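**Q** predicted model, plus sequence, below.
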Amino acid sequence: MANHFTPEELAREFGLETKEIVQFCFREGIPIYKGKVDRSLLSVVMDARGVKPADREAATV
């Protein structure tokens with residue numbers, strides 16, 4: 001299963017703007033390698049920093 005996604009894909013998943021994802025990665029030192037971001041690392045850092053992405057579960061239920 002893939003774990004590296006483009007900022008555009010992650011923005012859709014987290015309910016944020018692409019620009020916000022890129023800025024967050026830059027600010028927190030999360031690498032963007034060949035245009036892709038590690039979703040697990042991004043999620044862990046977002047949780048640690050208290051960033052609340054859009055509630056995805058409510059949309060799928």
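**A** Thanks, I have it.
**Q** this protein: strands as residue ranges?
**A** 4-5, 32-33, 36-38 (DSSP state E).
**Q** what's in contact with the second one?
**A** In this case it means strand 32-33. 4, 7, 22, 25 (C-beta atoms under 8 Å, 6 or more residues apart in numbering). All C-beta spots, glycine's among them, are computed from the backbone N, C-alpha and C.
**Q** can you rerun that using 10 Å?
**A** With contact meaning C-beta atoms under 10 Å, 6 or more residues apart in numbering, strand 32-33 is reached by 4, 6, 7, 21, 22, 25, 26, 38.
**Q** so which of these wins on neighbours?
**A** residue 21 (26 neighbours; other C-beta atoms under 10 Å).
**Q** which ones are touching the closest residue to residue 40 other than its chain neighbours?
**A** Spatial nearest neighbour of residue 40, excluding adjacent residues (C-beta to C-beta, 6 or more residues apart in numbering): residue 3 at 5.7 Å. Each residue near residue 3 by C-beta under 10 Å, 6+ apart is listed here: 36, 37, 38, 39, 40, 41.
**Q** and the two most separated of these?
**A** Greatest spatial distance among the contacts of residue 3 (C-beta to C-beta): 36 and 40, at 12.4 Å.
**Q** who has more neighbours, these two?
**A** residue 36 (16 against 10).
**Q** which residues does that one bridge with?
**A** residue 33 (DSSP bridges).
**Q** ok, residue 48 touching residue 30?
**A** No - counting by C-beta atoms under 10 Å, residue 30 is not a contact partner of residue 48; they are 11.5 Å apart.
**Q** the more surrounded of the two?
**A** Ranked by neighbour count (other C-beta under 10 Å), residue 48 and residue 30 place residue 30 first, with 17 against 9.
**Q** let me know the closest of the contacts of residue 3 to residue 52.
**A** Once C-beta to C-beta is applied, the member of the contacts of residue 3 that ends up nearest residue 52 is residue 39, at 16.4 Å.
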